[in-house]
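*Asks:* Need coordinates for the below:
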Amino acid sequence: MTIEIAGADGVAGGEEILADDALAFVEELHHRFGERRRQLLAARRSRRERIARGEERLDFLAETADVRSADWRVPPPPPALVDRRVEITGPAAPAKMAINALNSGARVWLADLEDACSPTWANIVGSIRNLRDAARGTLAFTSPEGKAYALRDDLRRPTVVTRPRGWHLPEKHVLVDGERASASLVDFGLHVFHTARLLVDRGDGPFYYLPKLESHLEARLWNDVFSFAEERMSLPPGTIRATVLIETIPAAFEMDEILWALREHASGLNAGRWDYLFSIIKVFRDAGPEFVVPDRASVAMTAPFMRAYTELLVQTCHRRGAVAMGGMAAFVPNRADPEATAVAFEKVRADKAREAGDGFDGSWVAHPDLVPVCREVFDGVLGDRPNQLDRLRPEVEVSAAELLDVASTGGAVTEVGLRTNLSVAVAYLAVWLSGNGAVALHSLMEDAATAEISRSQVWQHLRHEVVLADTGRTITPELVREVLDEEGAALRADVPPDRFAAYYEPAARLVAELCLADEYVDFLTLPAYELLE
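*Replies:* Residues are numbered from 1 along each chain as shown. Got it, this is the predicted structure:
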């Protein structure tokens, strides 16, 4: 074999998960698909450069107009994915969190190896092990204090839909031909190898969420990976099904094409709202003041460009027979503050009511206590129906200009927002560096998308020398350093000194580098990954 495990290979469960036959399968995936992946990532960069130079403006593709105009549908959803009215999201490691998700009462669990997972080698291997044991029905955990966690038998467990890491991410602990492996192919390869037969025998998969796609060609690569895996593992074609997160602005213009590219493997699309906002900032970061995004807190789902995106997603999905999944309710209930929790529940209920009313077939929550809230809203709209695929939304007409209408958002850029961005970016990244990718901050369960939006907004506002609406100060490198120092000092007061030195100080240094760099870094998780063990 030309595949090798580099460095931290002595993790719990590694001997089983990293068995020779599993690694041989991962190696074959890389030899067959690695070069296409590299070419597609290069195409991403080239397209972004053309946009920056004004040589290309995002629009619906002329060369695929026949795909958009033709009358075709994806295959009907498998029984396990017909009803997806409530999906809970969260990392697949540690085992305690996986068990809590599986005991939540949700219809689907998005088992996350991507934005809610800090990709330490222990977390990646542990996630695959936990998902294998979940497929076996044997997943269990006992805490150091002696508290036992086990899967409940008195309720329907959620269907597991696993999210591997995006095409852009490497896995430094796996080398193929001496080079870092694709994290996507490592995650998918190990997961499908260890769970496919178990899941097929139960009628529960294997199913996947595909993150960060920027074109239908990237979806086609996944389709070919799935077809190869089915052939190699003697699975009927179309056994593997995928839901694509529409969480980049280029992908919003290719929803039909993405479903078409996946063909028999397509299941649905999801409105990945926070990464979508991050993508808009990233793609148009230097495109002029009309693309300057105001404080994140003021960008609601009712903003015209966000509304256009979600309505187009529902219409596209239902026209093609695919499920349309809504966005994240990230609120974390505070049982010590019932009044604040009640107010937050009402906001979540209103958000889910808007989605259900728009035709979404289900939505995401980040905490088990929100499962009943989301279910109640969708029950009220769906009744006994499993979904609302029959709502075709023929009245919806969305233009390219409407998808790009950031200028109509309203809101302002403030020093309060600047402080929040820098504080949240440092606080999230510090916990991520400690090995935890799902972080509760200010009563919200945050993942990497939050930190990406936060540092990207600072970079964009700094590049455009934005004047802060509440203080009249201009955002300059000096102001960013000043605020970062002040917010860092505030965080220091709440964190043990050794932990602050180990994680918060390197996080603050990296956030400063990213915000103040002349050249924008596409993903903060790339340089941050180099700081992980």
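
*Asks:* only C-alpha atoms for contact and neighbour calcs from this point on.
*Replies:* Noted.

*Asks:* Gln457 is in what secondary structure piece?
*Replies:* Element membership for Gln457, per DSSP states H and E: helix 448-463.

*Asks:* what does the average pLDDT come to for that helix?
*Replies:* What helix 448-463 shows for mean pLDDT is 96.

*Asks:* what does stretch 291-307 give?
*Replies:* Mean predicted lDDT for stretch 291-307 stands at 93.

*Asks:* likewise stretch 466-477?
*Replies:* 97.

*Asks:* Begin at 339, not 1, for the rest of this chat.
*Replies:* Noted, 339 is the first residue going forward, which turns the last one into stretch 804-815.

*Asks:* That stretch: end-to-end distance?
*Replies:* Using Cα to Cα, to the nearest Å, the span of stretch 804-815 from its first residue to its last is 12 Å.

*Asks:* what's it in contact with?
*Replies:* Ala750, Val751, Thr752, Glu753, Val754, His799, Leu800, Glu803, Leu854 (Cα atoms under 8 Å, 6 or more residues apart in numbering).

*Asks:* Next, the buried residues of it.
*Replies:* Across stretch 804-815, burial judged by 16 or more other Cα atoms under 10 Å covers Val804, Val805, Leu806, Thr812, Ile813, Thr814, Pro815.

*Asks:* coming back round to it: between the contacts of stretch 804-815, which is closest to Leu469?
*Replies:* Leu854 (40.0 Å; Cα to Cα).

*Asks:* How many neighbouring residues does the closest one have?
*Replies:* Counted with other Cα atoms under 10 Å, residues neighbouring Leu854 total 20.

*Asks:* how close does it get to Leu800?
*Replies:* 8 Å.

*Asks:* Was I right to think Arg375 contacts Gly504?
*Replies:* No. At 10.7 Å, Arg375 does not count as touching Gly504 under the criterion of Cα atoms under 8 Å.

*Asks:* Strands along the stretch 389-538 of the chain, start to end?
*Replies:* 424-429, 446-450, 478-480, 486-488, 497-501, 508-514, 517-520 (DSSP state E, counting those that start in this stretch).

*Asks:* Same list, those, but as JSON lines with mean neighbour count please.
*Replies:* Compiled in JSON lines, the strands of the stretch 389-538 of the chain are given as follows (neighbours: other Cα atoms under 10 Å):
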{"stretch": "strand 424-429", "mean neighbour count": "28"}
{"stretch": "strand 446-450", "mean neighbour count": "26"}
{"stretch": "strand 478-480", "mean neighbour count": "15"}
{"stretch": "strand 486-488", "mean neighbour count": "15"}
{"stretch": "strand 497-501", "mean neighbour count": "27"}
{"stretch": "strand 508-514", "mean neighbour count": "20"}
{"stretch": "strand 517-520", "mean neighbour count": "20"}
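
*Asks:* For these, give me CSV that also has mean pLDDT and distance to Lys550.
*Replies:* As requested, the strands of the stretch 389-538 of the chain are exported to CSV (pLDDT from 0 to 100; distance: least, Cα to Cα, whole Å):
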stretch, mean pLDDT, distance to Lys550
strand 424-429, 97, 16
strand 446-450, 98, 13
strand 478-480, 94, 32
strand 486-488, 93, 33
strand 497-501, 98, 11
strand 508-514, 97, 14
strand 517-520, 97, 14
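
*Asks:* on that earlier part again, closest one of the buried residues of stretch 804-815 to Ala638?
*Replies:* Nearest to Ala638, judged by Cα to Cα, of the buried residues of stretch 804-815 is Leu806 at 20.0 Å.

*Asks:* Can you name the residues that contact the closest residue to that closest one other than its chain neighbours?
*Replies:* Closest residue to Leu806 apart from its sequence neighbours, by Cα to Cα, 6 or more residues apart in numbering: Thr752 at 4.6 Å. Residues counted as contacts of Thr752 (Cα under 8 Å, 6+ apart) are Asp633, Leu806, Ala807, Asp808, Thr809.

*Asks:* Off-centre distance for the helix or strand of the chain with the lowest mean pLDDT?
*Replies:* Of all the helices and strands that make up the chain, strand 782-784 has the lowest average by mean pLDDT, DSSP states H and E, namely a mean of 78. Counting by Cα atoms, centre = their mean, to the nearest Å, strand 782-784 is centred 13 Å from the centre of its parent chain.

*Asks:* Packing partners of it?
*Replies:* strand 777-779 (3 or more Cα pairs under 8 Å, 6 or more residues apart in numbering; DSSP states H and E).

*Asks:* Could you list the paired strands of the strand it packs on along with their orientation?
*Replies:* strand 782-784 (antiparallel) (DSSP bridges).

*Asks:* residues in contact with the partner strand?
*Replies:* For strand 782-784, the external contacting residues (Cα under 8 Å, 6+ apart) are Ala454, Ala668, Phe669, Val670, Ala704, Tyr766, Ala776, Val777, Ala778.

*Asks:* Let me have the residues you listed in JSON lines, extended by distance to Ile462, pLDDT and neighbour count.
*Replies:* As requested, those are arranged in JSON lines below (distance: Cα to Cα, whole Å; pLDDT from 0 to 100; neighbours: other Cα atoms under 10 Å):
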{"residue": "Ala454", "distance to Ile462": "12", "pLDDT": "94", "neighbour count": "24"}
{"residue": "Ala668", "distance to Ile462": "23", "pLDDT": "75", "neighbour count": "19"}
{"residue": "Phe669", "distance to Ile462": "26", "pLDDT": "81", "neighbour count": "23"}
{"residue": "Val670", "distance to Ile462": "25", "pLDDT": "78", "neighbour count": "22"}
{"residue": "Ala704", "distance to Ile462": "20", "pLDDT": "91", "neighbour count": "22"}
{"residue": "Tyr766", "distance to Ile462": "19", "pLDDT": "96", "neighbour count": "23"}
{"residue": "Ala776", "distance to Ile462": "14", "pLDDT": "84", "neighbour count": "23"}
{"residue": "Val777", "distance to Ile462": "17", "pLDDT": "83", "neighbour count": "20"}
{"residue": "Ala778", "distance to Ile462": "21", "pLDDT": "80", "neighbour count": "16"}
